[in-house]
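J.: Here is a sequence together with a model predicted from it:
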Amino acid sequence: MNTSDYSGLSTAELLAVIGDFQQQLAQKEQALQSRDEAIQSLDHSLQSQHKAIQQRDHYIALLEEQLRLKKAQQFAASSEKHTHQIHLFDEAEMEAEIEALLEQLPEDIAPAEPKAAKKRQRGFSGKLVRERIELTLSEEEKAGASKTFFTKVKEELQFIPAQLKVLEIWQEKAVFERDGSETIIAAKRPVHPLGKCIATTSLLAYIITSKYADGLPLYRLEQMLKRLGHEVGRTSMAHWIIRLEDVFRPLINLIREVQNSSHYLQADETRIQVLKEDGKSTQSDKWMWITRGGPPGQPSVLFEYDPSRAGSVPVRLLDDFAGILQADGYSGYGRVCRENNITRIGCWDHARRKFIEASKAAPGGAKKAKKSKISKADIALGYIRKLYAIEREARDRSDTEKYKVRQALSLPLLETFKTWLEKQVGKVMKGS
């Protein structure tokens, strides 16, 4: 250690020495600061690299998950049955719980009789027209017989093909001679919904039913009618259908009013291909909006085409509805629910499908072995499957019994499921 003697130095020399020391100390402090900054920069760089690696691993994991899901969707069976569904709950125990619960109902509420298992139909419906066909013996074969009788040996179901026939409408007219002039009175003609049209109302009903209920395109109907004896062009049929829109509009409006005045509606929108739509290509998405509802026991289903999937469409369709709306998770229903104060509920099938996809996209995917590790998605599916089982067992019960079963069994299960979901939501990969 350098212990120089500074006692002989003057004040100026001591100040110079002190200044030199201060300069050296400042240089050392600057060097230490530079080193600390370098270390800190290196730490930031390492942290950035670590974060980048984490983001890369996260992105790779998401891609692998999406790849497994796409492979499962393309190559695996489309069934949503699940490997672990038998191991997650005991359906027999649950049915016993329901039976024990129903025994607690007040005596004034008679339990609904469960529907009998559907038996195999033997013979034909009594509502069908029957025709007796007698197979007789010839006079020579029954000559000398003491008596003859018939026994029914077989029943066969006959199909009578459709037929076309021409209705010739003849109108009776009466001529009256009065004061040297003639007055003609004609019989009233029935009103036709399309006025001048060669098709009867029964043919129009057949065309509409075939196209919209049975899914037969007009070109097939054209060929079918041609085989029956007369060719009805698809262009003519298309014009009839378009013109009938004005005829049915009052009925459609009435059904819409009845639906929107009910307390519960179901709604969904599905893609549909339309060949010619102004401003849109053939391949672009167009939409058929479906609503189902109405009085209990008399539900109706309405189909409304719109090229848009915007939130303005349900606002228009549900203009005066203010009850409970059941729909999927599409955000387009949000606006009408806010504006009309509609209570919106979801669909367990849609929620369940996401967990099915998550299970298929997990390592092992659709080929998951029965003894493989149960994932979070598998556990969630177990909860949902138990809810389905409760509904299945209570399906044939009265409304009062169903309510009691749901409050006693489904509600606690839902609360447990919700608590479990809240605990797991932070443990899964974001965006997966």
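T.: Sure, I can see it.

J.: Quick check: longest helix in the chain by residues?
T.: When the chain is parsed with DSSP state H, its longest helix is helix 11-75.

J.: as a whole number, average confidence for it?
T.: Averaged across helix 11-75, pLDDT comes to 79.

J.: Start and end of stretch 196-210, how far apart?
T.: Stretch 196-210 stretches 23 Å from its first residue to its last (C-alpha to C-alpha, to the nearest Å).

J.: buried ones in it?
T.: 197, 199, 203-204, 206-207, 210 (16 or more other C-beta atoms under 10 Å). Just so you know, the C-beta spots here come from the backbone N, C-alpha and C atoms, and that holds for glycine as well.

J.: hang on, the earlier thing: could you say what helices and strands the longest helix of the chain packs with?
T.: Judged by 3 or more C-beta pairs under 8 Å, 6 or more residues apart in numbering; DSSP states H and E, helix 11-75 is in contact with helix 348-361.

J.: Give me the angle between the very next helix or strand once past the helix it packs on and helix 348-361.
T.: As assigned by DSSP states H and E, the chain's next helix or strand after helix 348-361 is helix 376-394. Per axes from the mean of the first three to the mean of the last three C-alpha atoms, to 10 degrees, the angle that helix 376-394 makes with helix 348-361 is 140 degrees.

J.: Just give me how far helix 376-394 sits from the chain centre.
T.: Mean C-alpha position of helix 376-394 versus that of the full chain (C-alpha atoms, centre = their mean, to the nearest Å) differs by 18 Å.

J.: Could you export whichever helix or strand comes after it as PDB, CA atoms only?
T.: Under the assignment DSSP H and E, the closest C-terminal helix or strand after helix 376-394 is helix 399-405. C-alpha atoms of helix 399-405 as PDB (Å, rounded to 0.1, in the frame of the first residue of the first chain):
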ATOM      1  CA  ASP A 399     -92.300 -29.700 -16.100                       C
ATOM      2  CA  THR A 400     -92.600 -29.700 -12.300                       C
ATOM      3  CA  GLU A 401     -90.400 -32.800 -12.000                       C
ATOM      4  CA  LYS A 402     -87.900 -31.500 -14.400                       C
ATOM      5  CA  TYR A 403     -87.600 -28.200 -12.500                       C
ATOM      6  CA  LYS A 404     -87.100 -30.100  -9.200                       C
ATOM      7  CA  VAL A 405     -84.400 -32.400 -10.700                       C
END
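
J.: The chain should start at 723 in everything you say after this.
T.: Fine by me, first position is 723 from now on; the one you just mentioned is helix 1121-1127.

J.: what's the average pLDDT for helix 1121-1127?
T.: Helix 1121-1127 comes out at a mean pLDDT of 90.

J.: Next: stretch 1099-1117.
T.: Mean pLDDT, stretch 1099-1117: 90.

J.: again, but for stretch 847-859
T.: Rounded mean pLDDT across stretch 847-859 is 92.

J.: and it, how far apart are its ends?
T.: Using C-alpha to C-alpha, the two ends of stretch 847-859 sit 30 Å apart.

J.: For the protein, which segments are assigned as helices?
T.: Using DSSP H, helices in the chain cover 733-797, 813-824, 923-930, 940-949, 956-982, 1034-1039, 1056-1061, 1070-1083, 1098-1116, 1121-1127, 1133-1146.

J.: ok, residues contacting the third one?
T.: The set of residues external to helix 923-930 that reach it, using C-beta atoms under 8 Å, 6 or more residues apart in numbering, is 884, 914-916, 919, 921, 940, 943, 959, 962-963, 966.

J.: Restricted to buried residues, select those in ChimeraX.
T.: To isolate the buried ones among the contacts of helix 923-930 in ChimeraX, judged by 16+ other C-beta under 10 Å, type:
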select :919,921,940,943,959,962,966
